[in-house]
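Peer 1: Structure for the following, please:
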Amino acid sequence: MADYLVRAIAAGGNVRAFVAVTTDLVDEARRRHDTWPTATAALGRTLTGAAIMGATLKDKDESLTLRFAGDGPLGGIICDSDEQGQVRGYVNNPHVDLDLNAAGKLDVAGAVGAGLLHITRQLALQGVYTGTSEIVSGEIAEDLAYYLTKSEQTPSAVSLGVRVGADGAVVAAGGYLVQLMPATSQSDVEQLEINIGALGAVSMAVEQGMTPEQILASVLAGMDYEILERRDLRFACRCSRERALGALAMLDEEDLESMIKEDQGAELSCHFCGEVYRFSEEEIRSVRTAPGEH
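Peer 2: This is a model prediction of the structure:
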């Protein structure tokens, strides 16, 4: 199944729902960053959360960034997405694999630790806005739900899941976000609670072959709803060789000279996707500037 997301409204517009399958893009991130199982689960949940929240953006030039600044061994997670379904991200320490937690699952909370969640939206008309809340569990989904409910005053249910196989590859990944508007009836709230409880782990649903539409139907069972959009999702980075060369041009003359004399070139890697760009002595010389120009 290709990765994609569906966006819907229910209960006369009083409920908003987003469901995504992200198996391929999460496994692409695992491969690029060589993440170990616990790190894979933490990064995968955050990438999925970013993909879903990216669907709330309105303009093609808008973007959203999730940053978990925790004190756990991961050292932090940063993921971003845009209105076009492009997602990227990384963990500071990809080689984290803790013992299973008391429930027999990957200990994402232990890997993330305590700290702060920062969510930045770069909006077309309102500029850049960053909101912050505490990391309440480190399980990612609960932290996003807490942020949306407390900081943005939108009661939200979030579920994110990643199943990692014995070989470390991603078997299934996906998630959903359900948001309640102020006029949502108590009966609809209770119905949603029943539905979410009956569905169980979203990663298991994806592994069993359920599509975003089928998961949506389970979450919104017993309610009238309308699917507004189907959006393809993929791991994609905005880095390029030209941008990397531009970064070299920002260095001072002494650093550039050192690269030429001592390293006989330069190597830059992108944090978000792991792509490596190598530059020859001649290319470094082409971006050097005369003294005093910096």
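Peer 1: Any stretches of this protein with poor pLDDT?
Peer 2: The chain contains residues with pLDDT under 70 at 288-294.
Peer 1: which residues are contacting the host helix or strand of residue 66?
Peer 2: Using DSSP states H and E, residue 66 maps to strand 63-70. Residues outside strand 63-70 that contact it (CB atoms under 8 Å, 6 or more residues apart in numbering): 46, 49-50, 53-54, 56-57, 74, 76-83, 89, 112-122, 135, 138, 140, 143-144. Quick note: C-beta positions are derived from backbone N, CA and C, even for glycine.
Peer 1: Take those residues and, keeping just the buried ones, write it as a ChimeraX select command.
Peer 2: Those of these that count as buried under 16 or more other CB atoms under 10 Å are selected in ChimeraX with:
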select :46,49,50,53,54,56,57,74,76,77,78,79,80,81,82,83,89,112,113,115,117,118,119,121,122,135,138,140,143,144
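Peer 1: so who does the closest residue to residue 83 other than its chain neighbours touch?
Peer 2: Once flanking residues are discounted, residue 83 sits nearest to residue 57: 4.2 Å by CB to CB, 6 or more residues apart in numbering. Residues in contact with residue 57 (CB under 8 Å, 6+ apart) are 63-64, 82-83, 121, 123.
Peer 1: Let's have the residues you listed in JSON lines, adding distance to residue 26.
Peer 2: Below are the contacts of residue 57 laid out as JSON lines (distance: CB to CB, whole Å):
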{"residue": "63", "distance to residue 26": "19"}
{"residue": "64", "distance to residue 26": "17"}
{"residue": "82", "distance to residue 26": "17"}
{"residue": "83", "distance to residue 26": "20"}
{"residue": "121", "distance to residue 26": "23"}
{"residue": "123", "distance to residue 26": "26"}
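Peer 1: gap between the strand holding residue 66 and the chain center?
Peer 2: 8 Å (CA atoms, centre = their mean, to the nearest Å).
Peer 1: Okay, now the sheet partners of the helix or strand following that strand, with direction.
Peer 2: Downstream of strand 63-70, the next assigned helix or strand under DSSP H and E is strand 77-82. If you go by DSSP bridges, strand 77-82 pairs up with strand 63-70 (antiparallel), strand 86-91 (antiparallel).
Peer 1: Now do the strands in the chain.
Peer 2: Secondary structure of the chain (DSSP state E): strands at 4-10, 15-21, 63-70, 77-82, 86-91, 115-123, 127-134, 156-164, 170-180, 225-232, 234-235, 266-269, 276-279.
Peer 1: In TSV, list those strands along with distance to residue 35.
Peer 2: Converted to TSV, these look like this (distance: least, CB to CB, whole Å):
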stretch	distance to residue 35
strand 4-10	23
strand 15-21	19
strand 63-70	15
strand 77-82	11
strand 86-91	7
strand 115-123	20
strand 127-134	25
strand 156-164	9
strand 170-180	10
strand 225-232	23
strand 234-235	13
strand 266-269	15
strand 276-279	17
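Peer 1: Figure out which of the ones you listed is closest to residue 37.
Peer 2: Closest to residue 37 of those is strand 156-164 (CB to CB; 4.7 Å).
Peer 1: Contacts for the closest one, please.
Peer 2: With CB under 8 Å, 6+ apart as the contact definition, strand 156-164 has outside contacts at 26, 37, 40-41, 44-45, 48-49, 106, 140-142, 144-145, 148-149, 170-180, 192, 196, 201-204, 206-207.
Peer 1: what residues are up against the residue lying closest to residue 276 once chain neighbours are set aside?
Peer 2: Once flanking residues are discounted, residue 276 sits nearest to residue 269: 4.7 Å by CB to CB, 6+ apart. Shown in contact with residue 269 (CB under 8 Å, 6+ apart): 275-277.
Peer 1: mind putting these in JSON lines, distance to residue 254 and neighbour count included?
Peer 2: Converted to JSON lines, the contacts of residue 269 look like this (distance: CB to CB, whole Å; neighbours: other CB atoms under 10 Å):
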{"residue": "275", "distance to residue 254": "27", "neighbour count": "15"}
{"residue": "276", "distance to residue 254": "24", "neighbour count": "10"}
{"residue": "277", "distance to residue 254": "21", "neighbour count": "19"}
